[in-house]
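Student: Starting from these lines, generate the structure:
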Amino acid sequence: MHVVLAGGGTAGHIEPALNLADALRRDNPDVAITALGTERGLEVRLVPARGYDLALIPAVPLPRKPSVDLLRLPSRLRSAVNEAGNVLARTHADVVVGFGGYVAMPAYLAARRSSTPIVVHEANARAGLANRIAARFTPFVAETVTGSLPHAEAIGLPLRPAIRDLDRAALRAEAAQQFGLDPALPTLLVFGGSQGARSLNNALDASRHELAEAGIQVLHSVGARNELPGDLSISPAYRAVHYIDRMDWAYAACDVALCRAGAMTVAELTAVGLPAAYVPLPIGNGEQRMNAAPVVAAGGGLLVDDADLSTSWLRSHLIPLLLNPQRLAQASAAAASLGRRHADDQLVQMVLRAVAGESVSTGGTR
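Tutor: Below is the predicted model:
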């Protein structure tokens, strides 16, 4: 069996695709996998690093406003579809699994032209254009947030085994030791993705003294390109790093996260039952707010606008949560109630059904 994955561009598209690839290989070590990408996407680095083949096709961004690029769109799309079709023919693809992004639309159209089965997975609460169109082509549609696509099976987002199988309580003491933290103290995890988030960093820098005085530890990932705070002597309970390689340890060592609300972040935090104060990215189509909304409504987290994140907000909302063990336990249980740990296995089964030409199975377990 040869599976072609279409999920290039951003880490939010690439990571779930690679997690599915890993799950497919666990199910069948002989499965062949090719990921589609563009020369400008993160997949150029991430896909080979995970040991998978990468085939490049032209990027076809969809212009949001009338422009010369919009006039060129048909010819660019036609070229990309032809390139994607060449990859499907060369690999004798049995199925195309798309996750959205710039390479997904050409892949879907090429698959439809060649009668190759299509599986669609939507990570966000608000589906992108490519996945909305492709969902009309196939009965095999999966989603992370219920209601993002018609006739979709809500399975969650494929996760890495280290996150999927994490037992936070069992690993807490060891994880805290890895970061030089005290496992007995309430601990806040702050991160904004691999590049960090300036507004989160600024809010933390302004609030470090107050958090320390309240007896709260902080593990702060400032981002690969951001400078570490100049004064790190404020408290031995403040740990600032450029990047955290082992997020499973970070999740286990901490009680609450302060973070953005990307689909992967929300999926991982709910899977491991870690409450969070979500700060949606203030640009885009509002999908991050929608990703976090069900978790917040269930009591598994807080929601604050980027412009409202301040020392005052942390004092009024986050510090009281961190200092209240009963509220923490309730928020953790609420977050976990929405978590889906086995989306990778469920998506593998959907892929196999598509290849076999079987009918769609509904439902699924968490």
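Student: For Ala250, which non-adjacent residue is spatially closest?
Tutor: For Ala250, ignoring the flanking residues on the chain, the nearest one in space by Cβ to Cβ, 6 or more residues apart in numbering is Ile244 at 5.0 Å. In this view, the C-beta of every residue, glycine as well, is placed from N, C-alpha and C.
Student: hang on, I meant Arg113
Tutor: Nearest residue to Arg113, sequence neighbours excluded (Cβ to Cβ, 6+ apart): Gly85, at 6.3 Å.
Student: what packs against the host helix or strand of the one you found?
Tutor: According to DSSP states H and E, Gly85 maps onto helix 68-91. In terms of contacts (3 or more Cβ pairs under 8 Å, 6 or more residues apart in numbering; DSSP states H and E), helix 68-91 is packed against strand 2-6, strand 32-37, helix 104-113.
Student: okay if I get the ones you listed as CSV plus mean pLDDT, distance to Ala134 and mean neighbour count?
Tutor: Formatted as CSV, the helices and strands packed on helix 68-91 follow (pLDDT from 0 to 100; distance: least, Cβ to Cβ, whole Å; neighbours: other Cβ atoms under 10 Å):
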stretch, mean pLDDT, distance to Ala134, mean neighbour count
strand 2-6, 97, 9, 26
strand 32-37, 97, 14, 24
helix 104-113, 96, 4, 24
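Student: Out of the ones you listed, the one nearest Val279 is which?
Tutor: Smallest distance to Val279 across the helices and strands packed on helix 68-91 (Cβ to Cβ): 27.7 Å, for helix 104-113.
Student: what angle separates the lowest-mean-pLDDT helix or strand in the chain from strand 32-37?
Tutor: Between all helices and strands in the chain, the lowest mean by mean pLDDT, DSSP states H and E belongs to helix 68-91, at a mean of 85. Orientation note: helix 68-91 sits at an angle of 170 degrees relative to strand 32-37 (axes from the mean of the first three to the mean of the last three Cα atoms, to 10 degrees).
Student: Show me what counts as buried in helix 68-91.
Tutor: Across helix 68-91, burial judged by 16 or more other Cβ atoms under 10 Å covers Leu77, Ala80, Val81, Glu83, Ala84, Gly85, Val87, Leu88, Thr91.
Student: In this structure the first one contacts Ile57, no?
Tutor: No: in this structure, Leu77 sits apart from Ile57 without contact. The criterion is Cβ atoms under 8 Å, and the distance is 10.9 Å.
Student: shared neighbours of those two, anything?
Tutor: Taking Cβ atoms under 8 Å, 6 or more residues apart in numbering as the criterion, Leu77 and Ile57 both touch Pro106.
Student: ok so, going back, next structured bit after the least confident helix or strand of the chain?
Tutor: strand 95-98.
Student: Show which residues not belonging to that next one make contact with it.
Tutor: In contact with strand 95-98 (Cβ under 8 Å, 6+ apart) are residues 1, 3-7, 17, 20, 88, 104, 107-108, 110-111, 116-121, 130-131, 134, 347, 351, 354-355.
Student: Skip the chain neighbours and tell me the closest residue to Leu188.
Tutor: In space, Leu188 is closest to Val218, 5.0 Å off (Cβ to Cβ, 6+ apart).
Student: Are we agreed that that neighbour is in a strand?
Tutor: Yes: using DSSP: H, G, I helix; E, B strand; the rest coil, the assignment for Val218 is a strand.
Student: What separation do you get for it and Arg198?
Tutor: 17 Å (Cβ to Cβ, to the nearest Å).
Student: who has more neighbours, these two?
Tutor: Just comparing Val218 and Arg198: by other Cβ atoms under 10 Å the higher neighbour count belongs to Val218, 22 against 13.
Student: so the more buried one bridges to which residues?
Tutor: In this entry, Val218 is beta-bridged to Leu188, Tyr238, by DSSP bridges.
Student: Does it touch Arg208 like I think?
Tutor: Yes: under the criterion of Cβ under 8 Å, Val218 makes contact with Arg208 at 6.9 Å.
Student: re earlier: who's in contact with the residue nearest to Arg113?
Tutor: Going by Cβ under 8 Å, 6+ apart, Gly85 touches Ala110, Arg113, Ser114.
Student: what about the stretch 51-200 of the chain, any weak spots by pLDDT?
Tutor: For the stretch 51-200 of the chain, the stretches flagged by pLDDT under 70 are 61-72, 193-196.
Student: that older thread, would JSON lines of the helices and strands packed on helix 68-91 with distance to Gly273 be doable?
Tutor: Output for these, formatted as JSON lines (distance: least, Cβ to Cβ, whole Å):
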{"stretch": "strand 2-6", "distance to Gly273": "29"}
{"stretch": "strand 32-37", "distance to Gly273": "31"}
{"stretch": "helix 104-113", "distance to Gly273": "31"}
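Student: is it true that Arg76 touches Ile57?
Tutor: No: look at Arg76 against Ile57 with Cβ under 8 Å: they stay out of range, at 10.8 Å.
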